[in-house]
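# predicted model and sequence below, questions to follow.
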Amino acid sequence: MNKNKKTTSGYVLLEAIIALVVFVIVVLSIFPMLSFLLKRTERSKYGSAASVLLQEGTEVAYHELATNWACCGIDGNYKVVFAASSIHLIPGTESGLLQTRFSRNITVEKACRDQTGNLIFRDNYINNTCPGVLDGNSRVITTTISWDEGGQNKNIASQLMVFNIQTN
């Protein structure tokens, strides 16, 4: 009977070691996934904040042009300024937004059109010059948000075309 107890305790010890190995394998496979999810959550937080800043900048620029077409010089960089009772654009760029993480640049420029009236995007300019005709009654607002995320430069941008529909 003593021999039987030794055999049984040997199996219990072997089962405990196997269970411990399985547990360690499961835990080691969960940690990388947990680390990935935490990083992804952090990235998602920065992306959401950047989207809010992008929308805010675009809306302020649109409002400025809608209320005063001559508010902004052409081909200029602008920043948002919060005054006592209003929000305006003034020349310059913004940095250090939201815990010094984000920079915002808003440009307002005349739309460039080809002979058929189609829009020519800045990427297709020749030597940074409009290859077509500048349209005095339409502006392109480009808002860009930049930030550093884990040593990598990230940015998002949007463009909005605004037409001057006011008649003189």
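Sure thing, it's come through.

# now the helices for this protein?
2-67, 97-100 (DSSP state H).

# so which of those gets nearest Ser158?
helix 2-67 (5.7 Å; C-beta to C-beta). Every C-beta, even on glycine, is put in place using the N, C-alpha and C of the backbone.

# could I get the average pLDDT for the closest one?
Helix 2-67 comes out with an average pLDDT of 83.

# show me what that helix is packed against.
Contacts defined by 3 or more C-beta pairs under 8 Å, 6 or more residues apart in numbering; DSSP states H and E place helix 2-67 against strand 76-82, strand 87-91, helix 97-100, strand 102-113, strand 133-149, strand 152-163.

# redo these as CSV? Include distance to Leu13 and mean neighbour count.
Putting those into CSV (distance: least, C-beta to C-beta, whole Å; neighbours: other C-beta atoms under 10 Å) gives the following:
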stretch, distance to Leu13, mean neighbour count
strand 76-82, 69, 17
strand 87-91, 72, 14
helix 97-100, 55, 12
strand 102-113, 58, 20
strand 133-149, 49, 18
strand 152-163, 50, 13
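
# and the ones you listed, which one's lowest on average pLDDT?
Here the helices and strands packed on helix 2-67 differ in mean pLDDT, and the lowest is helix 97-100 at a mean of 71.
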